[in-house]
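A.B. asks: sequence and predicted structure below; questions after.
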Amino acid sequence: MQDLPNLFLVGPMGAGKSTIGRLLAAELSRSFFDSDHVIQDRCGADIPWIFDVEGEPGFRLRESQMIDELTRLPGVVLATGGGAVLREENRRALRERGTVVYLLTTVEQQLKRTARDKNRPLLQCENREQVLNNLFSQRDPLYRATSDITVRTDRRSPRAVVNDILRRARRLNDPLTDAAPTHFRVSS
């Protein structure tokens with residue numbers, strides 16, 4: 001089996017980055033990291049607390065340091081936080097150190113998947129749908145510009161998404177094939 005570079009998952013909250021990442025890592029016999037979980041473990045505090053004490057800028061600085069560290073490790077699968085693409089240095093580290101996979105999902109699916117989650121500071125508000133729509137408008141172009149592969153996760157089993165990612169990543173990284181673009185247009 002052909003060796004693949006590091007695989008880095010980007011996308012909005014609720015896209016399935018952690019679930020898909022764990023399955024990918026198991027399939028490839030690699031270490032899996034979730035940058036948000038590593039930040040929490042190292043700080044000894046959850047993300048809402050970090051946001052409360054340091055604000056979003058403080059959290060984003062920690063996130064950049066973590067992404068820089070984790071993307072330098074060999075043979076990993078990394079799930080990033082939804083806002084990781086906001087900083088250019090993060091986008092550059094992800095692009096330069098592995099294959100970036102954008103897990104695309106709808107706001108409707110995000111609402112379902114995050115309905116009971118109290119660990120997402122940006123969603124502790126009255127109109128979660130409006131917040132998610134605004135975040136999508138801001139971040140979707142950054143996810144697309146950063147990624148090598150875009151995979152839709154809505155109404156698909158995690159296993160089907162993993163198989164799709166592996167097939168596309170192998171095709172993308174196989175010098176003997178004509179690596180056709182793996183992005184696709186999404187119709188609204």
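C.D. replies: Nice, I can see it.
A.B. asks: list phi and psi for Asp34.
C.D. replies: Dihedral pair for Asp34: phi -110, psi 110, per degrees, to the nearest 10.
A.B. asks: looking at it, it is touching Gly82, isn't it?
C.D. replies: No - the pair Asp34 and Gly82 fails to qualify as a contact (C-beta atoms under 8 Å) at a distance of 11.8 Å. All C-beta atoms are positioned from the backbone trio N, CA, C, and that covers glycine.
A.B. asks: which strands and helices sit next to the longest strand seen in the chain?
C.D. replies: Counting residues, the longest strand found in the chain (DSSP state E) is strand 99-104. If you count contacts as 3 or more C-beta pairs under 8 Å, 6 or more residues apart in numbering; DSSP states H and E, strand 99-104 packs onto strand 7-10, helix 128-146, strand 149-152, helix 158-173.
A.B. asks: helices or strands next to the lowest-mean-pLDDT helix or strand in the chain in the packing?
C.D. replies: One helix or strand of the chain scores below all others by mean pLDDT, DSSP states H and E: helix 107-113, with a mean of 79. For helix 107-113, the packing partners by 3+ C-beta pairs under 8 Å, 6+ apart come out as helix 128-146.
A.B. asks: between strand 99-104 and the helix it packs on, find me the angle.
C.D. replies: 150 degrees (axes from the mean of the first three to the mean of the last three C-alpha atoms, to 10 degrees).
A.B. asks: which ones are touching the residue positioned nearest the centre of the chain?
C.D. replies: Centrality entry for the chain: nearest residue to the mean C-alpha point is Val10, 2.3 Å, by C-alpha atoms, centre = their mean. By C-beta atoms under 8 Å, 6 or more residues apart in numbering, Val10 lies in contact with Lys17, Thr80, Ala84, Val85, Leu94, Val100, Val101, Tyr102, Leu103, Tyr143, Thr146, Ser147.
A.B. asks: and it, how far from Glu54?
C.D. replies: As for Val10, its distance to Glu54 is 23 Å (criterion: C-beta to C-beta, to the nearest Å).
A.B. asks: and if you look at Leu94?
C.D. replies: Distance from Leu94 to Glu54, by C-beta to C-beta: 23 Å.
A.B. asks: quick one: mean pLDDT for the longest strand of the chain?
C.D. replies: Strand 99-104 shows a mean pLDDT of 97.
A.B. asks: stretch 130-143 now?
C.D. replies: Stretch 130-143 shows a mean pLDDT of 92.
A.B. asks: burial of Leu23, as a residue count?
C.D. replies: 20 (other C-beta atoms under 10 Å).
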